[in-house]
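# Okay, sequence plus prediction incoming.
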Amino acid sequence: MNIGGILLALQGAASQGILWGVLVLGVYITYKILDIADLTVDGSFALGGCVCATLVVAHGMNPVLALILATLAGMIAGAVTGFLHTAFDIPAILSGILTQIALWSINLRIMGKSNIPLLKTKTIFSGFVEATGLKSSQASGLIGIIIAIVIIAALYWFFGTEIGSALRATGNNEDMIRALGVNTKMTKMIALMLSNGLVGLSGGLVCQSQKYADIGMGTGAIVIGLAAIVIGDVLMGKLRSFGSRLASAIVGSVVYFLIRAVVLQLGMDANDMKLLSAIIVALALCIPVSLDKYRAKRAYSEGGEKNA
């Protein structure tokens, strides 16, 4: 077994995990804070990559500006889902599916073909490599860490504001916060736009990092996001501060991609990775429930014995 190859693979996996961690932060907003499983993610991630690649390759746009526009594109996708959900009372999961399906055709229209390579195109990572002399994976990881820290700090500040607190309260008890006069439709719209904006940004970052955009690059993104959130909860679940919970999303993403890299190095077929992701999420969701039921049953049995 080539130890050097494994270490190189792990380094690349950690870098990818940080870039995908931006997506996980977006999924965290809808899944953990708003209590919505937003399936728009698969489409908005690919949308961010497609917009970024098209602007950089076809129009020669600055890669940083392309990332900003990829973020805005993701926010528009989230706004469409939010509009369907709030204006027409379509269930959130179905609204996400409708937007995701529409985005498949839209992404093809944007690119004009199924994929766009960025092999000879300047990206934020290639520019950083030229300036510092670092390896590509190291540059990706370092830029990803900086972006992740900035986003976590911004989200921590935002959710401490009045509107951010209202958004968190909407996820906790929508009826109560509506009774207090808060427009919950607006808070849901903001959450979905913010979430998918981060997902679009992640798509643009991953596109520039891997040097290509593909119509199917977002397939299974929601499962990866949920797996990373669950792993982060398991590793850092005892930390109660909101900032640490946001950080756990990034940590979970990195650990997920490290696990995936190790499994691939051990000889697992890459086509089975989606199955592995689904199994990880299923186990992580089922085990806590099973343990709670076991503890409740045990406590009930012990209480009955004491009363006897």
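Happy to help now that I have it.
# what about the residue nearest to A73 when sequence neighbours are not counted, which helix or strand?
Of all residues not flanking A73 in the chain, V51 sits nearest, at 4.6 Å (C-beta to C-beta, 6 or more residues apart in numbering). Quick note: C-beta positions are derived from backbone N, CA and C, even for glycine. Assigned by DSSP states H and E, V51 belongs to helix 41-58.
# Just the C-alphas of that helix, formatted as CSV.
Output of helix 41-58 as CSV, limited to C-alpha atoms (Å, rounded to 0.1, in the frame of the first residue of the first chain):
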residue,chain,number,x,y,z
VAL,A,41,-29.8,21.9,-3.1
ASP,A,42,-28.9,19.3,-5.8
GLY,A,43,-29.9,21.8,-8.6
SER,A,44,-28.6,25.0,-7.0
PHE,A,45,-25.2,23.5,-6.4
ALA,A,46,-24.9,22.6,-10.1
LEU,A,47,-26.3,26.0,-10.9
GLY,A,48,-23.5,27.7,-9.1
GLY,A,49,-20.9,25.6,-10.9
CYS,A,50,-22.5,26.1,-14.3
VAL,A,51,-22.8,29.9,-13.9
CYS,A,52,-19.2,30.2,-12.6
ALA,A,53,-17.7,28.0,-15.4
THR,A,54,-19.7,29.8,-18.1
LEU,A,55,-18.7,33.3,-16.9
VAL,A,56,-15.1,32.4,-16.5
VAL,A,57,-14.6,30.4,-19.7
ALA,A,58,-17.0,32.0,-22.2
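# Show me what the helix or strand that comes right after it is packed against.
As assigned by DSSP H and E, the chain's next helix or strand after helix 41-58 is helix 63-87. Packing contacts for helix 63-87, counted by 3 or more C-beta pairs under 8 Å, 6 or more residues apart in numbering; DSSP states H and E, involve helix 41-58, helix 92-111, helix 124-132, helix 184-210.
# ok, back up a step: so the residue nearest to A73 sits against G200, correct?
Yes: with contact defined as C-beta atoms under 8 Å, V51 reaches G200; the gap is 7.4 Å.
# what residues are shared contacts of the two?
70, 73 (C-beta atoms under 8 Å, 6 or more residues apart in numbering).
# Comparing those two, which residue is more hemmed in?
Counted by other C-beta atoms under 10 Å, V51 and G200 do not tie: G200 has more neighbours, with 35 against 27.
# How many neighbouring residues does the nearest residue to the more buried one once chain neighbours are set aside have?
In this structure, G200 finds its nearest non-sequential neighbour in G74, 2.1 Å apart by C-beta to C-beta, 6+ apart. By other C-beta under 10 Å, the residues close to G74 number 32.
# who touches G74 in this structure?
With contacts taken as C-beta under 8 Å, 6+ apart, G74 has the following neighbours: 44-45, 47-48, 196-201, 203.
# wait, which of these is closest to R260?
F45 (16.9 Å; C-beta to C-beta).
# What does the pLDDT read for the closest one?
At F45, the model reports a pLDDT of 97.
# Ok, I287 next?
78.
# Make residue 1 into 59 and carry on from there
All right, first residue 59 from here; so that's I345.
# about what we covered before: so of the helices and strands packed on helix 121-145, which one's packed in deepest?
helix 99-116 (a mean of 29; mean count of other C-beta atoms under 10 Å).
# Let me know the angle separating it from helix 150-169.
Using axes from the mean of the first three to the mean of the last three C-alpha atoms, to 10 degrees, the direction of helix 99-116 lies 20 degrees away from that of helix 150-169.
# Give the other helices and strands that helix 99-116 contacts.
With 3+ C-beta pairs under 8 Å, 6+ apart as the test, helix 99-116 has helix 61-86, helix 121-145, helix 150-169, strand 173-175, helix 242-268, strand 270-272, helix 279-294 packed against it.
# how does it look with 6 Å?
Where contact means 3 or more C-beta pairs under 6 Å, 6 or more residues apart in numbering; DSSP states H and E, helix 99-116 is packed against helix 121-145, helix 150-169, helix 242-268, strand 270-272, helix 279-294.
# what's the angle between the helix holding V109 and helix 121-145?
Going by the same axes, to 10 degrees, helix 99-116 is angled at 150 degrees with respect to helix 121-145.
# centre of the chain versus helix 99-116, how much separation?
Computed by C-alpha atoms, centre = their mean, to the nearest Å, the separation of helix 99-116 from the middle of its chain amounts to 15 Å.
# Identify all contacting residues around it.
119, 121, 124, 127-128, 131-132, 135, 158, 161, 165, 168-169, 174, 179, 254, 257-258, 261-262, 265, 271, 275-276, 279-280 (C-beta atoms under 6 Å, 6 or more residues apart in numbering).
# Report the two of the contacts of G132 separated the most.
L105 and L256 (12.6 Å).
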